[in-house]
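Asker: Predicted model and sequence below, questions to follow.
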Amino acid sequence: MAEPLTGSAGVGTAELPLRSRLSFAAGHFLNDLCASLWFTYLLLYLHAVLGYGHRLAGALLLAGQVADGLCTPLLGYETDRSTGCGRYGRRKSWHLAGTTCVLVSFPFIFNPCLGCKDNTPQWAAFIYYLPFIIIFQFGWAATQISHLSLIPELVTSDHEKVELTAFRYAFTVMANITVYGLAWLLLNFQADQPDRTEHLGVQDVPIFRNLSLIVVGLGAVFSLIFHLGTKEKLYPPGSLPQLEENTPLVQKEPTSPPRPLLIWKDWLLEPAFYQVAVLYMSTRLIVNLSQTYIAMYLTNSLLLPKKYIATIPLVMYISGFLSSFLMKPVNQWIGRNHSSAFVYGAMSFTDKMANGLAVMVIQNLHPCPTELCCPACVSFYHWVMVLVTGGVAIAAVASLCCIMVWPIRIHYHGPGCREAAGALCQREVSWQGWLQGHSQPRLWGDPHDAVCLRGLSGAGTSYGATESTEGASPSSAVN
């Protein structure tokens, strides 16, 4: 049976070899490739290439975001309680199932509707694409959840967990650069064709079809590397721990009487929960809306040749990646903390729903409902990039200022509070940051009233709780 996680130094465990770390990081490469293609080119492909209306394109993207948002917590719940397929580990079993769903569904999204003709109604095309999008999003979520939840099973120390996450992020960067680089190559290889035009149209269907097929094929190779090179700990039948919602993610030897736990109902009563939700949702909206509408802005507002839908996003992504190195001192100045699994799941669901709804609203406000692009749409995408993303950025700054002026304080109210702390029925911690990293809480009041969050800073499991600990001991991240 696998050794229990200690969440600390990982004494007595061998460091994961470099080959194993690289093979693990390769396991999310297919997801990253597909996500880059999905957000950057889906609306452009459906509207400018296939000629579908703005509302249909927005509805399909919204359906995908809703499916992803619903599948993520449900799959997290199931992956923790499954036993795997035979002698194949439970995480890798779900990863394999998710990868298969992505491989068989994603190419159909970037291919014309089979059997559809010029006079086929658009609602029929919606019905055609919807099942493939749902299957794709189910597979994407299953792959993401299972891959992230492998981290605490492969390594035990915080340092190794951070290192695995860094390897994973490096492959995410590679995936985005790969998609934009492939798009640039395919668009430039078309230069020698006699029917080539400077603007997108139905003649560009082969470009997006080939791009999706290359992405799927390349991702399949990296997924194979992951399954061959990653060894998951196996649990004998009947020995899998059955964790409940209020079970701490990091198990350790009890050194004091049990402390009360924050469960999901308690979080809904916390003002801090909504403070962080607004900030996280705003930052994700800025990134995803910019990525979704940059190609439309380049082709319809700036009237640039279609080759720039690959080069400009590539430059933007590399610039954003380089600027991320500046965030390390900023994080150290602001401070960082952990969030529980429920918090992560709720933030992820809010992020996906907000993105889908925002795109749907923008698509319904388009001034050219029956044309690919009328003169009014030239300024429309300009204002989308300026007003929408700028307005969301202002909301993000306002929420951040609110957090810094009124620091996040988590209150615990429960019957076990009196038993654990005598007459004090409220425990609170003030954080000077949010969502990720490692830091010690700053105590308000007696040290015995500290509530230390333990859980996921990335993803992986659907269960989780907040454990009360004595003093201001740092908690271990399970990413």
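Answerer: Thanks, I have the structure now. Numbering: from 1, shown residues only.
Asker: could you give me the average pLDDT of stretch 346-360?
Answerer: When pLDDT is averaged over stretch 346-360, the result is 84.
Asker: List the buried residues of that stretch.
Answerer: Buried residues in stretch 346-360, counted by 16 or more other CB atoms under 10 Å: 346-356, 358-360. (C-beta placed from N, C-alpha, C; glycine too.)
Asker: Give me the subset of those residues lying in helices.
Answerer: 346-356, 358-360 (DSSP state H).
Asker: closest to S93 among those?
Answerer: The nearest member of those to S93, counting by CB to CB, is S348 at 22.3 Å.
Asker: Quick one: residues contacting A57.
Answerer: For A57, the contact set (CB atoms under 8 Å, 6 or more residues apart in numbering) comprises 42-43, 46-47, 363.
Asker: secondary structure class for it?
Answerer: With DSSP: H, G, I helix; E, B strand; the rest coil as the basis, A57 sits in helix.
Asker: Report the spatially nearest residue to it, omitting neighbours in sequence.
Answerer: Leaving aside its chain neighbours, A57 sits nearest to L46 (4.0 Å; criterion: CB to CB, 6 or more residues apart in numbering).
Asker: any idea how far L200 is from that neighbour?
Answerer: L46 sits 11 Å away from L200, going by CB to CB, to the nearest Å.
Asker: Identify, from the ones in helices among the buried residues of stretch 346-360, the entry nearest to Y293.
Answerer: Checking those against Y293 with CB to CB, the nearest one is V359 at 8.5 Å.
Asker: is it true that that closest one touches G58?
Answerer: Yes: counting by CB atoms under 8 Å, G58 is a contact partner of V359 at 5.3 Å.
Asker: hey, where'd the strands end up in the stretch 251-400 of the chain?
Answerer: Using DSSP state E, counting those that start in this stretch, the strands of the stretch 251-400 of the chain run over residues 261-262.
Asker: Where does pLDDT dip in it?
Answerer: Under the criterion pLDDT under 70, the flagged ranges of the stretch 251-400 of the chain are 251-264, 323-345, 369-373.
Asker: What is the subsequent helix or strand relative to the longest helix along the chain?
Answerer: For the chain, the helix that runs over the most residues, judged by DSSP H, is helix 158-189. Going down the chain from helix 158-189, the next helix or strand is helix 205-229, by DSSP states H and E.
Asker: helices or strands next to that following helix in the packing?
Answerer: Counting contacts by 3 or more CB pairs under 8 Å, 6 or more residues apart in numbering; DSSP states H and E, helix 205-229 packs against helix 18-25, helix 29-44, helix 90-109, helix 158-189.
Asker: Let's test this: mean pLDDT of stretch 115-133, rounded?
Answerer: 90.
Asker: Please save the CA atoms from that stretch in CSV.
Answerer: The C-alpha trace of stretch 115-133 is given here as CSV (Å, rounded to 0.1, in the frame of the first residue of the first chain):
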residue,chain,number,x,y,z
GLY,A,115,-23.7,16.1,-44.3
CYS,A,116,-24.5,19.9,-44.0
LYS,A,117,-25.1,21.9,-47.1
ASP,A,118,-25.4,25.6,-47.9
ASN,A,119,-29.2,25.5,-47.1
THR,A,120,-28.8,23.6,-43.9
PRO,A,121,-30.2,25.6,-41.0
GLN,A,122,-27.8,26.8,-38.3
TRP,A,123,-29.6,25.1,-35.5
ALA,A,124,-28.8,21.7,-37.2
ALA,A,125,-25.1,22.6,-37.1
PHE,A,126,-25.4,23.5,-33.4
ILE,A,127,-26.9,20.1,-32.7
TYR,A,128,-24.1,18.5,-34.7
TYR,A,129,-21.3,20.2,-32.9
LEU,A,130,-22.7,20.1,-29.4
PRO,A,131,-22.1,16.4,-28.6
PHE,A,132,-18.4,16.6,-29.8
ILE,A,133,-17.9,19.7,-27.6
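Asker: Which positions within it qualify as buried?
Answerer: 122, 125-126, 128-129, 132-133.
Asker: before we move on, back to that, neighbour count and distance to V155 added to the contacts of A57, as a markdown table?
Answerer: As requested, those are exported to a markdown table (neighbours: other CB atoms under 10 Å; distance: CB to CB, whole Å):
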| residue | neighbour count | distance to V155 |
| --- | --- | --- |
| L42 | 21 | 36 |
| L43 | 23 | 39 |
| L46 | 22 | 42 |
| H47 | 22 | 45 |
| Q363 | 20 | 43 |
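Asker: what comes up buried for the longest helix of the chain?
Answerer: Quick answer for helix 158-189 (16+ other CB under 10 Å): 158, 160-165, 167-168, 171-172, 174-176, 178-180, 182-184, 186-187.
Asker: Show me what that helix is packed against.
Answerer: Secondary-structure packing of helix 158-189 (3+ CB pairs under 8 Å, 6+ apart): helix 18-25, helix 29-44, helix 151-154, helix 205-229, helix 308-323.
Asker: ok and it relative to helix 18-25, angle-wise?
Answerer: 60 degrees (axes from the mean of the first three to the mean of the last three CA atoms, to 10 degrees).
Asker: what residue ranges in the stretch 1-150 of the chain are flagged as low confidence?
Answerer: Those would be 1-14, 80, 84, 86, if you go by pLDDT under 70 across the stretch 1-150 of the chain.
Asker: and with 90 instead?
Answerer: Along the stretch 1-150 of the chain, segments meeting pLDDT under 90 span 1-18, 20, 47-55, 57, 68-93, 113-122, 144-150.
Asker: Is it correct that D204 is in contact with T299?
Answerer: No: at 11.1 Å, D204 does not count as touching T299 under the criterion of CB under 8 Å.
Asker: Now the common contact residues for those two.
Answerer: K306.
Asker: What strand or helix carries the residue nearest to L130 when sequence neighbours are not counted?
Answerer: Spatially, and ignoring its direct neighbours in sequence, L130 is nearest to A63 (5.9 Å; CB to CB, 6+ apart). A63 belongs to helix 54-81 when assigned by DSSP H and E.
Asker: what angle separates that helix from helix 90-109?
Answerer: Helix 54-81 and helix 90-109 are oriented at 170 degrees to each other (the same axes, to 10 degrees).
Asker: Tell me which of the helices and strands packed on helix 205-229 lies nearest to T230.
Answerer: It's helix 18-25; of these, that one is closest to T230 (CB to CB) at 5.1 Å.
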